[in-house]
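>>> Everything below, folded, please.
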Amino acid sequence: MQSYQEGLIEIDGSYGEGGGQILRTALAFSAILKRPFTIHHIRSRRKNPGLQAQHLEAVEALSRITEAQTEGVKFGSQKITFIPQKILPGNYQFEVRTAGSVTLLLQAVFLPLCLANEKSRLTLVGGTHVPWSPSFHYLSEVFLPTLQWMGVSAKAIIEKWGFYPKGGGKIQLEIHPAHELKPVSLVERGLLKKIRGISASSNLPKHVAERQKEQTLNRIRRELKIDAEIAIQQDVSSNGPGSFLFLLAEYEKIFAGFSSLGGRGKLAEKVADEAVDSLKDYMESDGCIDPHLADQIVPFMAMAKGNSSFTTTQMTEHLLSNLWVIAHFLEVKVQKCGEIGKPGGVEFLNK
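Numbering: from 1, shown residues only. Model (predicted):
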């Protein structure tokens, strides 16, 4: 381990919003570029600092995929060292205990496997629709379709839903190698083609999903003066009760996704209102992509051959933190405009 110290990249995990995103992005670029790194103050500002279940599984997953040497990888650790060897495509299964997010775990392993030399298959078990993370439907309806324009070919299916707190959901992904990522320009939405979505529930009365749908349709018709298509999925397979509403705004040149989760004592109408409010904010703001896609797509743009750019309805701490981490691994010229919380844009000037 000592022989690696000279080339070791050091990252302060408390930078910016100081969340697990810093760790996941560092893991991905370390694996791709075979650059060892150490990160300290991991999630130091959080109520439960250090590695929690989903962060621990992300490190352990990428350790398997890259045959990495590691130090300090244990629950609650605020400092780890990660030394990758090579990317090994293959068939993997990873489980995030409790209801830790499988889509957040995927943020660490997906880009390295996209750039591997053979196809991989992933089985991920854990939370598929949980707070503070992209839902499975955001992954399948927004993120992966957008990445297709960059040459990424991946398919995701859900076999079982995982709601908080029981988790236990299961998704499958097939990832084909993208030997070179293409640049992309996401600066204009084009015309709105349609709004569609789903209202889903599990182990709850049937009227829950129906009320979510009706409230959503009523508000969209009344306030946005357009129609929408909302499919109901009742009694989806899961280990516990839960409800979910997802809205997809399909434009000529981009997809944008907005969702809300049910909870104990939370009215179905409130679930609908949260998703519709997010959709309205997006539609009434300037910018092409939604804020969640912005921070998730920058690692791919940084690795693309050629200039990429986007405008977004809201610059976020997550986005700026991701750009800050990437700069530790890559010498890329990035131009940013816009204040946090307001519309802005990012351009990668890659040769």
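>>> in this structure, what spans have low per-residue confidence?
1-6, 351 (pLDDT under 70).
>>> Run through the helices of it in chain order.
Using DSSP state H, the helices of the chain run over 20-33, 53-66, 102-114, 136-138, 144-148, 207-219, 268-283, 291-303, 317-329.
>>> wait, what's in contact with the closest residue in space to residue 55 that isn't next to it in sequence?
With CB to CB, 6 or more residues apart in numbering as the measure, residue 20 is the residue that lies nearest to residue 55, at 4.9 Å, once sequence neighbours are left out. Quick note: C-beta positions are derived from backbone N, CA and C, even for glycine. With CB atoms under 8 Å, 6 or more residues apart in numbering as the criterion, the residues that contact residue 20 are 42-43, 52, 54-55, 58, 104.
>>> Quickly compare the helices of the chain and say which is most buried.
Across those, averaging neighbours per residue (mean count of other CB atoms under 10 Å) puts helix 102-114 on top, at a mean of 26.
>>> so what secondary structure elements neighbour that helix?
Helix 102-114 is packed against helix 20-33, helix 53-66, strand 91-95, strand 120-126, helix 136-138, strand 169-176, helix 291-303, with contacts defined by 3 or more CB pairs under 8 Å, 6 or more residues apart in numbering; DSSP states H and E.
>>> and residue 235, which of these is closest to it?
Smallest distance to residue 235 across these (CB to CB): 14.9 Å, for strand 169-176.
>>> sorry, back to before: how about JSON lines for the contacts of residue 20, with distance to residue 350 added?
Converted to JSON lines, those look like this (distance: CB to CB, whole Å):
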{"residue": "42", "distance to residue 350": "29"}
{"residue": "43", "distance to residue 350": "31"}
{"residue": "52", "distance to residue 350": "34"}
{"residue": "54", "distance to residue 350": "31"}
{"residue": "55", "distance to residue 350": "29"}
{"residue": "58", "distance to residue 350": "26"}
{"residue": "104", "distance to residue 350": "26"}
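>>> closest to residue 143 among those residues?
Using CB to CB, residue 104 is the member of the contacts of residue 20 that lies nearest residue 143, at 12.3 Å.
>>> List the contacts of the closest one.
20, 24, 54, 58, 133-134.
>>> And residue 96, by the same measure?
With contact taken as CB under 8 Å, 6+ apart, residue 96 is in contact with 53-54, 57, 102, 105, 124-127, 167.
>>> what's the nearest residue to it if we skip its chain neighbours?
Closest residue to residue 96 in three dimensions, ignoring its sequence neighbours and counting by CB to CB, 6+ apart: residue 126, at 3.2 Å.
>>> and that neighbour, how many residues sit next to it?
Other residues near residue 126 number 26, with proximity taken as other CB atoms under 10 Å.
>>> Quick check: it touching residue 169?
Yes. Counting by CB atoms under 8 Å, residue 169 is a contact partner of residue 126 at 6.3 Å.
>>> mind giving me a markdown table with the helices and strands packed on helix 102-114 and columns for distance to residue 279?
Putting those into a markdown table (distance: least, CB to CB, whole Å) gives the following:
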| stretch | distance to residue 279 |
| --- | --- |
| helix 20-33 | 24 |
| helix 53-66 | 27 |
| strand 91-95 | 32 |
| strand 120-126 | 27 |
| helix 136-138 | 13 |
| strand 169-176 | 24 |
| helix 291-303 | 13 |
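>>> of all the helices of the chain, which lies closest to residue 336?
Nearest to residue 336 among the helices of the chain is helix 317-329 (7.2 Å), distances taken as CB to CB.
>>> If you count contacts, what does that closest one end up packed against?
Based on contacts counted as 3+ CB pairs under 8 Å, 6+ apart, the elements that helix 317-329 packs against are strand 9-12, helix 20-33, helix 291-303, strand 333-337.
>>> Might you report the residue contacts of the nearest residue to residue 308 once chain neighbours are set aside?
Closest residue to residue 308 apart from its sequence neighbours, by CB to CB, 6+ apart: residue 301 at 3.9 Å. Applying CB under 8 Å, 6+ apart to residue 301 gives the contacts 150, 183-184, 308, 310, 346, 348.
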